[in-house]
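Engineer: Sequence plus predicted model, see below.
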Amino acid sequence: MIERTEKLAKFCAETTFSQLDFQVVERTKLIISDTIGAILGGIVEPEVREFLKFRAGQKSKDRKVKIIGLNKWAEQSDASLIHGIAGTTLEMDEGNQFAKGHPAIHVLPALVSVVQSRLLPQNISGQEFLNAFAIGYDVGARIGLASQLNPHMHPHGTWGVIGAASAIGVLLKFGHREHMQLMNISSSLTTASSRKTMLQGGTVRNVYAGLSNQMAHLAIDLIQSGFTGEVDGIGSIFGNVVSENLNDNLLLEKLGQRFEVMRNYFKLHACCRFNHAALDCLHDLMRDHQELSNIEQISFIDVESYNLAAELNDPRPQNMLAAKFSVPFALATTLVNKNSQVLSFAGGALKNEKTMALSNKVSVKEISSMTEMLPEFRPAKVTIGMKSGKVFRHSVKTNKGDWQSPYSTDELENKFHSLANRSLSQKKSKVLYDKLQNLERIADMRELLQSI
């Protein structure tokens, strides 16, 4: 429906920072900070560091975008790819339960690159950056929430490219007709992303978000070169090709009034969101029952949850990516390490005999009534039986960190530093976080980003 694309395009072309509510600005700053933290944490992972050898190096006329957290530079689309990979690798980036994906990591890397690129010789202020990000996030998330992707597809690398391209278009001050054409072009640059990658530990999955950011730059180059898209790219791709249905009423509902950044979630558990309800249950049980610290006395762990969580039932994942998508492993490593942070899903965690023995004691079952509560709620019930005969039970209706049960700003700041300190000194991390929380006062985003 061309009307839908036109309304989205006008929203992109006409929305200004002054129209953003205070709450939207504050949430957007938190999301940007959280995503940069995820990138800083992931940029030092071994696979990412190896990839940098092929796509980054010393600053030159062709490498003008600084890699966050490192003294390395890359061409703008390569930098977007790198940052997208880094921000995905630790599985700590924010998400949106209604969009059924992770909008921020599909938008921010492209903006980080473009403000340092040849396309924008003038300074971009923090207010302009915040506005472009909020709009791009909204466009991508709305397409995500309105579509029903093929269940065999992973949402990474799909609708995110339209959000990223739209965000760049905002900074380039595209009119609504240019935005329409940009959406039609970028729709065709989505990725055939396989859901099995996450279940089988195929780390190519960590590349999908980076590809969306990279393809956003291609879409900009194409439109400025005179290329065109089909008449209704969004409807064609997300109504027929990768999704059999696109609900325009949902897509346009309260457009410009309800910004989807306000319905995001943040993560403190370093694994797939589908694990989080069970982990929230477990953390509460561990807090209330000291007996659970004696893991050898645990006889069984039963998890009841919604369908997407029940799918993550492999007790012996093949690598760390697969482990992040395993409810049994997530619960076991949390019990053994007493937390569910990054190090519980890193290094030799998969070789820990206590963890793997405990993982084999976990069963996961779908409860249809819980599945029916999606997407508003993501429930779970965890039952732990002890060899003594004692049984501990706890259930949750929603996940901590979402819009209904938010983490505190202190918790999010602590998370940022725990990730950023993998790349930066504590002092630099503190200074950076303070600046990110005052983005609307920044005069030159290029200067800020190149200081990281």
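Structural biologist: It's in. None of these values were measured; they are calculated from a predicted model. Residues are numbered from 1 along each chain as shown.

Engineer: Going by C-alpha atoms from here, please, whenever you check contacts or count neighbours.
Structural biologist: Noted.

Engineer: wait, doesn't residue 310 sit right on residue 365?
Structural biologist: Yes: assessed by Cα atoms under 8 Å, residue 310 is found in contact with residue 365 at 5.4 Å.

Engineer: out of those two, which sits in the more crowded spot?
Structural biologist: residue 310 (22 against 17; other Cα atoms under 10 Å).

Engineer: Who are the contact partners of that one?
Structural biologist: The contact partners of residue 310, by Cα atoms under 8 Å, 6 or more residues apart in numbering, come to 304, 327, 364-366.

Engineer: likewise residue 177?
Structural biologist: 6, 9.

Engineer: Can you show me the helices along the stretch 151-300 of the chain?
Structural biologist: Under the criterion DSSP state H, counting those that start in this stretch, the stretch 151-300 of the chain carries helices at the ranges 160-171, 176-187, 196-200, 208-224, 233-236, 248-252, 276-288.

Engineer: How much space separates the spatially most central residue of the chain from residue 431?
Structural biologist: Nearest residue to the geometric centre of the chain (Cα atoms, centre = their mean): residue 102, 3.4 Å. Note on residue 102: its distance to residue 431, by Cα to Cα, to the nearest Å, is 27 Å.

Engineer: Now do the contacts for residue 179.
Structural biologist: Residue 179 touches 9-10, 12-13, 166, 169, counting by Cα under 8 Å, 6+ apart.

Engineer: Looking at those, which is nearest residue 358?
Structural biologist: residue 166 (46.5 Å; Cα to Cα).

Engineer: Look up the closest residue to the closest one, ignoring the ones flanking it.
Structural biologist: residue 136 (5.4 Å; Cα to Cα, 6 or more residues apart in numbering).

Engineer: wait, the one you found sits on residue 163?
Structural biologist: Yes: in this structure, residue 136 is within contact of residue 163 by Cα under 8 Å, at 4.3 Å.

Engineer: shared neighbours, the two?
Structural biologist: residue 107.

Engineer: more neighbours, the two?
Structural biologist: residue 163 (35 against 30).

Engineer: Could you look up the SS state of residue 381?
Structural biologist: The three-state label given to residue 381 by DSSP: H, G, I helix; E, B strand; the rest coil is strand.

Engineer: Tell me the bridge partners for it.
Structural biologist: residue 304, residue 395 (DSSP bridges).

Engineer: repeat for residue 364
Structural biologist: residue 303.

Engineer: What does the pLDDT read for it?
Structural biologist: Residue 364 carries a pLDDT value of 98.

Engineer: go on, the one 4 residues further on?
Structural biologist: At residue 368, the predicted lDDT confidence score is 98.

Engineer: on that earlier part again, redo the contacts of residue 179 as a markdown table? Include neighbour count.
Structural biologist: Output for the contacts of residue 179, formatted as a markdown table (neighbours: other Cα atoms under 10 Å):
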| residue | neighbour count |
| --- | --- |
| 9 | 25 |
| 10 | 17 |
| 12 | 28 |
| 13 | 23 |
| 166 | 35 |
| 169 | 25 |
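
Engineer: Return the closest of these with respect to residue 36.
Structural biologist: residue 166 (20.0 Å).

Engineer: got the contact list for residue 372?
Structural biologist: Counting by Cα under 8 Å, 6+ apart, residue 372 has contacts residue 306.

Engineer: Would you mind stating the distance between it and residue 6?
Structural biologist: 33 Å.

Engineer: just residue 170 next, same as before
Structural biologist: For residue 170, the distance to residue 6 - Cα to Cα - is 15 Å.

Engineer: higher neighbour count, the two?
Structural biologist: residue 170 (26 against 17).

Engineer: right, and the more buried one touches residue 14 too?
Structural biologist: No: applying Cα under 8 Å, one finds residue 170 not in contact with residue 14, separated by 9.0 Å.

Engineer: What values do phi and psi take at residue 257?
Structural biologist: When read as degrees, to the nearest 10, the backbone of residue 257 gives phi -110, psi -40.

Engineer: Ok, residue 74 next?
Structural biologist: phi -150, psi 160.

Engineer: ok, it - contacts?
Structural biologist: Contacts of residue 74 by Cα under 8 Å, 6+ apart are 55-59, 62-67.

Engineer: Grab the nearest non-local neighbour of it.
Structural biologist: Nearest to residue 74 is residue 63, by Cα to Cα, 6+ apart, at 4.3 Å.

Engineer: Contacts only, for that neighbour.
Structural biologist: 56-57, 73-76.

Engineer: List the beta-bridge partners for it.
Structural biologist: Bridge pairing for residue 63 - DSSP bridges - gives residue 60.

Engineer: Per-residue pLDDT of it, please?
Structural biologist: For residue 63, pLDDT reads 90.

Engineer: ok, now how distant is it from residue 114?
Structural biologist: 12 Å.

Engineer: got the residue ranges for the strands in this protein?
Structural biologist: 65-66, 73-74, 147-149, 243-246, 298-305, 362-366, 380-386, 391-396 (DSSP state E).

Engineer: chain center to the last one: distance?
Structural biologist: The offset between the C-alpha centroid of strand 391-396 and the centroid of the whole chain comes to 29 Å, using Cα atoms, centre = their mean, to the nearest Å.

Engineer: Show me what counts as buried in it.
Structural biologist: Judged by neighbour count (16 or more other Cα atoms under 10 Å), strand 391-396 contains these buried residues: 392-396.

Engineer: I'd like those residues laid out as a markdown table, including distance to residue 351.
Structural biologist: Putting these into a markdown table (distance: Cα to Cα, whole Å) gives the following:
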| residue | distance to residue 351 |
| --- | --- |
| 392 | 28 |
| 393 | 29 |
| 394 | 29 |
| 395 | 30 |
| 396 | 31 |
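
Engineer: and which of these is nearest to residue 412?
Structural biologist: Closest approach between these and residue 412, by Cα to Cα: residue 396, at 21.3 Å.
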